[in-house]
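Student: quick one: sequence and predicted model below, then my questions.
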Amino acid sequence: MTTQTAAPRILSGMQPSNDSLSIGNYIGALTQWVALQDTCDTFYMMADLHALTVNPDPSALRERTRRTLAQYLAGGVDPSRSTLFVQSHVPQHAELAWILSCQTGFGEAGRMTQFKDKSAKQGNEGTSVGLFTYPVLMAADILLYDAALVPVGEDQRQHLELTRNLAERMNSRFGEDTFVVPDGHIVKAIAKIYDLQNPTAKMSKSENGKGTIWLLDEPKKAAKKIKSAVTDAGTEIVFDPANKPGISNLLNIYSVLADKSITALEAEYAGKQYGNLKVDLSEVVADFLTEFQAKVNVYLDDPAQLDVILADGANKAKAVAQETLKRIYDKVGLLPPASQA
Ligand code: TYM
């Protein structure tokens, strides 16, 4: 029997791999996390074990894990409706990852494009086994909670496909009630926010230049980044990602932050210049960040409250994770300890 509840179970996470999340993380994922809280049984984690793949400074990682939580909360994740936890507080993630790694083909893991891109940059000797098995740990995160839906951005689609394949493979070998096969919740319009300086590439958490807006960027600095965003040939302000990737990306960001439809924005800017759009959007972004950061600071100023949220979240997450792992250990034939038999 799975641990599914009447409301669909949701699981997602972000890596605390930077001091700040990006506006891409906010638009592509966090807004969806918040929306799903109303109707679903939502579990959101700080993926600190995944962040170890970039070999962070230990004290920076601890600090970033807290700051990531504060940003989830400031973005509207509500601890009374969602279970918020740190991945490493629930040891079952690493345990299930081992079981799944024994079911994952070497070639299958090697075909993951994020792994191929990162390992190509780092070279063979600089690439850890952890980076290679990263998607397997992500599959464990999801399958441990019998999640039905996984809200993520477009860049995680291939990892979700691997998760589904692993679940289906194990279901056909060990029985259909082994794993819930999860679906992605990828909202096309917002699933990929692009780099402001290179609007055909994803806005990335690992970039440090003018192309990424950080949620904790100084608002004036962020406004400048919008004003210096690369735009396209022509003058018309229309949403046309193939021919006008720069303007379309700005319209997307504008639409989410100002809660206006793209069509309404196109009408508002008919006959106006790119510069008008950029000036207005730079104000929208600066105002959004000012408000967001005020909330983040309130949370960061109260570490005791953050600890309570994390302790409570770890207990709730563990209760589900323990049950699932016991089921899977049994399915694959591990002998239970005598006291549990
Ligand atoms: P991470 O930390 O890279 O990103 C967190 C979330 O933000 C989305 N995202 C974007 N969405 C739109 N436009 C962008 N430019 C953009 N950049 C990032 C990502 O798709 C993601 O949803 N492997 C995951 C973390 C993870 C996870 C999980 C996610 C670990 N275990 C289990 C879901 C379920 C990652 O690196 O996300």
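Tutor: That came in fine, so what should we check first? Numbering: from 1, shown residues only.
Student: CA atoms for contacts and neighbours, from now on please.
Tutor: OK.
Student: hmm, who's touching the helix or strand harbouring L162?
Tutor: Using DSSP states H and E, the element containing L162 is helix 157-174. Helix 157-174 has contacts (C-alpha atoms under 8 Å, 6 or more residues apart in numbering) with 100, 103-104, 112-113, 135-136, 138-139, 142-143, 177-184, 331-332.
Student: what's near enough to touch the residue lying closest to K202 once chain neighbours are set aside?
Tutor: Spatial nearest neighbour of K202, excluding adjacent residues (C-alpha to C-alpha, 6 or more residues apart in numbering): Y194 at 4.4 Å. Residues in contact with Y194 (C-alpha under 8 Å, 6+ apart) are G24, T200, A201, K202, M203, N249.
Student: surely the fourth one and I193 touch.
Tutor: Yes - with the criterion set as C-alpha atoms under 8 Å, K202 and I193 qualify as a contacting pair; they are 6.1 Å apart.
Student: those two: which has the busier surroundings?
Tutor: Neighbour count, other C-alpha atoms under 10 Å: between K202 and I193, I193 has more, with 28 against 18.
Student: if we can go back for a sec, the residue nearest to K202 and T133, how far apart?
Tutor: Distance of Y194 to T133, computed by C-alpha to C-alpha, to the nearest Å: 27 Å.
Student: and D38, how many neighbours does it have?
Tutor: D38: 12 surrounding residues under other C-alpha under 10 Å.
Student: to clarify, my last question referred to M170.
Tutor: 20.
Student: quick check: it vs the ligand, distance?
Tutor: The gap separating M170 from the ligand is 19 Å, by C-alpha to the nearest ligand atom, to the nearest Å.
Student: what segments of the stretch 101-250 of the chain are strands?
Tutor: Per DSSP state E, counting those that start in this stretch, the stretch 101-250 of the chain carries strands over the ranges 149-151, 183-185.
Student: helices or strands next to the biggest helix by length in the chain in the packing?
Tutor: If you go by DSSP state H, the chain has its longest helix at helix 303-332. Applying 3 or more C-alpha pairs under 8 Å, 6 or more residues apart in numbering; DSSP states H and E, one finds that helix 303-332 makes contact with helix 58-74, strand 82-86, helix 92-101, helix 274-300.
Student: quick one on the thing from earlier: and the ligand, which of the contacts of helix 157-174 contact it?
Tutor: For the ligand, the contacts drawn from the contacts of helix 157-174 by C-alpha under 6 Å from any ligand atom are M138, I142.
Student: distance from the lowest-mean-pLDDT helix or strand in the chain to the middle of the chain?
Tutor: When the helices and strands of the chain are scored by mean pLDDT, DSSP states H and E, helix 113-126 comes last with a mean of 91. What separates the centre of helix 113-126 from the centre of its chain is 21 Å, taken as C-alpha atoms, centre = their mean, to the nearest Å.
Student: what do you get for stretch 235-252?
Tutor: Centroid separation for stretch 235-252 versus its chain: 25 Å, with C-alpha atoms, centre = their mean.
Student: of all of the stretch 201-341 of the chain, which residue lies closest to the ligand?
Tutor: Distances between the stretch 201-341 of the chain and the ligand by C-alpha to the nearest ligand atom are smallest at M203, namely 4.0 Å.
Student: the nearest residue to that residue once chain neighbours are set aside and I309: what is the separation?
Tutor: Distance criterion C-alpha to C-alpha, 6+ apart; nearest residue to M203, sequence neighbours excluded, is D195 at 3.9 Å. Between D195 and I309 the computed distance is 33 Å (C-alpha to C-alpha).
Student: more neighbours: these two, which one.
Tutor: Applying other C-alpha under 10 Å to D195 and I309 shows that D195 carries more neighbours, namely 23 against 17.
Student: wait, the more buried one touches S206, no?
Tutor: No - when contacts are counted by C-alpha under 8 Å, D195 is not listed as touching S206 (11.4 Å).
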